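Peer 1: Here you go, sequence then predicted model.
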Amino acid sequence: MTSPSIPTAASLPPTPAANGDGNSPWLRLLPALADDDPDEAAVTDALLEAVDLPADLAALVEGLADLLENATAVGTRRAYAADWAEFADWTARHRLEALPAEPRTVALYVTAQQDRLRPATLLRRLSAIAVAHRTAGHPSPTSAELVRRAVAGLRRKHGARPAGKTALVTAPLAVICGRLHAQETSAEQLVAAAADLSGAPGAAAARRRLAGRVRAAHAGALRARRDRALLLVGYAAALRRSELVALDLGDLTETEQGLQVFIARSKTDQAALGDFVGITHGHPVDSCAVTCPIRAWAGWRDMLGTELDRLAEPLHPQAPAFRPLTRHGQIGVPGQLDPHARLTGQSVALIVKNAVALLDDPDRHPPQAYAGHSLRAGFATQAAASGVPLDRIMRQTRHRSVAVALRYIRPGQIWHDNPSAALGL
Ligand SMILES: [Zn+2]
């Protein structure tokens, strides 16, 4: 029997950076870390950020954080406790020892959090790990060469934009849908309030004053409703942006089971026969939430129908499903108000970026990291992480090549039914 070899960095599982396109969607799938850092923690962050030590002095950050801890005792200690809890939780999920932690565990933790946390936040986490070890009488793994190199690499990488587009998965998408829906309803309330004024003394003047706001709110609601439908249909049907843009009204059919989407033109279908993709309710049919693609689609189609009606235009089945809107809520592009205009691929990318901006969390969700492809990549990533088998994912994404599909699927899937768990170790 050979003695167990000491693991080296090379023997560790591939990091997401080794995952081809530089995109690391699986990192984003790790359960969301607490984002309610106490204010004191933000102060510590800002202080550490301002110091911005070069990599060779990174170890000093521990000591510095200690000083800061003494300075802002209670708040920072609370932040440390929260930071330590995050680390301990991460190690538990990955069946790694938290105390004492091996340097490679901490190095992998740094790798896993690199795209989620600002470097200053990550350094504070490392300080918390160091403090916990010292308190328990262990040497700190954070001063090990492997960890210091990982932190140095992180610092060099910081600021570099990820090459691939980030996958937009269900959790952030649900928040986005909530915000878009709030925009839709606030407009409805304003319209109702304006209508309520009729007959009241001074109503005409008040209505005139309200008219501008009502128009703006209506334009916002129209856009919000279109965007929510586009995001949800694109995500649930795993559509390419070109496919979203090419969708006609007649390509979406509501059935008893859900929404049937016909994709007429597809990169992988040169014969142009088209593909059918289904979207079902992921919930009891009578309890559709703001994230229901089927309800969102119906809502947008109805609103579009009303708008076209006012223009005496029909809801023609061969006209685009999603249409450009002007700032003033007119259908079409400015200066060329064709109510049957089509969105472009770039406008889909912009819709996704604007939607991500609603998350108001540029650290974890920088809008520039997202684009049209984020919906399709998000579908594959989320489905894989949720344990959907490869063949079923590929049926929806219509990937013909297993290799290409796996680029998206594998990162989301590695922890699901991981076969190494069956080795009896
Ligand atoms: Zn539903």
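Peer 2: That came through fine. On a predicted model such as this, the values are computed, not experimentally measured, just so you know.

Peer 1: Cross-check the contact I'm expecting between Arg207 and Val191.
Peer 2: No - Arg207 lies out of contact with Val191 (Cβ atoms under 8 Å); the separation is 11.2 Å. All C-beta atoms are positioned from the backbone trio N, CA, C, and that covers glycine.

Peer 1: I'd like the mean pLDDT over stretch 179-193, please.
Peer 2: Average pLDDT, stretch 179-193: 87.

Peer 1: I should have written stretch 127-146 there, sorry.
Peer 2: 84.

Peer 1: which one in the protein is furthest away from the centre?
Peer 2: The C-alpha centroid of the chain is most remote from Pro201, which lies 49.0 Å away (Cα atoms, centre = their mean).

Peer 1: Tell me the predicted confidence for that residue.
Peer 2: Pro201 carries a pLDDT value of 74.

Peer 1: Tell me which residues touch it, please.
Peer 2: By Cβ atoms under 8 Å, 6 or more residues apart in numbering, Pro201 lies in contact with nothing.

Peer 1: Quick check: it vs Asp89, distance?
Peer 2: As defined by Cβ to Cβ, to the nearest Å, Pro201 lies at a distance of 61 Å from Asp89.

Peer 1: which residues of the chain score low on pLDDT?
Peer 2: 1-77, 157-164, 198, 265-272, 403-404, 408-416 (pLDDT under 70).

Peer 1: Which residue ranges make up each domain of it?
Peer 2: 9-158, 170-413 (automatic domain parsing).

Peer 1: Contact distance from the ion - what residues of the chain qualify?
Peer 2: His281, Cys288, Cys292, Ile294 (Cβ under 5 Å from the ion).

Peer 1: Which residue does the stretch 101-250 of the chain have closest to the ion?
Peer 2: The nearest approach of the stretch 101-250 of the chain to the ion comes at Leu232, 9.9 Å away (Cβ to the ion).

Peer 1: What of the stretch 301-425 of the chain?
Peer 2: The nearest approach of the stretch 301-425 of the chain to the ion comes at Arg301, 14.7 Å away (Cβ to the ion).

Peer 1: Tell me the helix or strand right after the helix or strand that residue falls within.
Peer 2: Assigned by DSSP states H and E, Arg301 belongs to helix 293-310. Later in the chain than helix 293-310, the nearest helix or strand by DSSP H and E is helix 345-357.

Peer 1: And that next one, what does it pack against?
Peer 2: With contacts defined as 3 or more Cβ pairs under 8 Å, 6 or more residues apart in numbering; DSSP states H and E, the packing partners of helix 345-357 are helix 170-196, helix 203-236, helix 241-246, helix 373-385.

Peer 1: What residues sit buried inside it?
Peer 2: The neighbour-count check on helix 345-357 (16 or more other Cβ atoms under 10 Å) flags Gly345, Ser347, Val348, Ala349, Ile351, Val352, Lys353, Ala355, Val356, Ala357 as buried.

Peer 1: repeat for stretch 330-347
Peer 2: Neighbour counts over stretch 330-347 (16+ other Cβ under 10 Å) mark Gln330, Ile331, Val333, Pro339, Ala341, Arg342, Leu343, Gly345, Ser347 as buried.

Peer 1: Now do the contacts for the closest residue to the fourth one other than its chain neighbours.
Peer 2: By that I understand Pro339. Excluding the flanking residues, the one nearest Pro339 by Cβ to Cβ, 6 or more residues apart in numbering is Ile331, at 4.5 Å. Neighbouring residues of Ile331 by Cβ under 8 Å, 6+ apart: Leu304, Glu307, Leu308, Leu311, Arg323, Pro324, Leu325, Leu337, Pro339, Ala341.

Peer 1: Repeat the analysis, applying 7 Å as the threshold.
Peer 2: Contacts for Ile331 (Cβ atoms under 7 Å, 6 or more residues apart in numbering) come out as Glu307, Arg323, Leu325, Pro339.

Peer 1: quick one, what contacts the residue nearest in space to the middle of the chain?
Peer 2: In the chain, the residue lying closest to the centroid (Cα atoms, centre = their mean) is Leu168, at 3.6 Å. Shown in contact with Leu168 (Cβ under 7 Å, 6+ apart): Tyr235, Val352, Val356, Tyr370, Ser374, Leu375, Gly378.

Peer 1: switch the cut-off to 6 Å
Peer 2: Residues near Leu168 by Cβ atoms under 6 Å, 6 or more residues apart in numbering: Tyr370, Ser374, Gly378.

Peer 1: what's the answer for Leu425, then?
Peer 2: Listed by Cβ under 6 Å, 6+ apart, Leu425 has no contact partners.

Peer 1: Check the gap between it and Arg95 for me.
Peer 2: From Leu425 across to Arg95, the span is 10 Å (Cβ to Cβ).

Peer 1: Ok, Ala371 next?
Peer 2: If you go by Cβ to Cβ, the gap between Ala371 and Arg95 works out to 36 Å.

Peer 1: quick one: which of those two has more around it?
Peer 2: Ala371 (23 against 7; other Cβ atoms under 10 Å).
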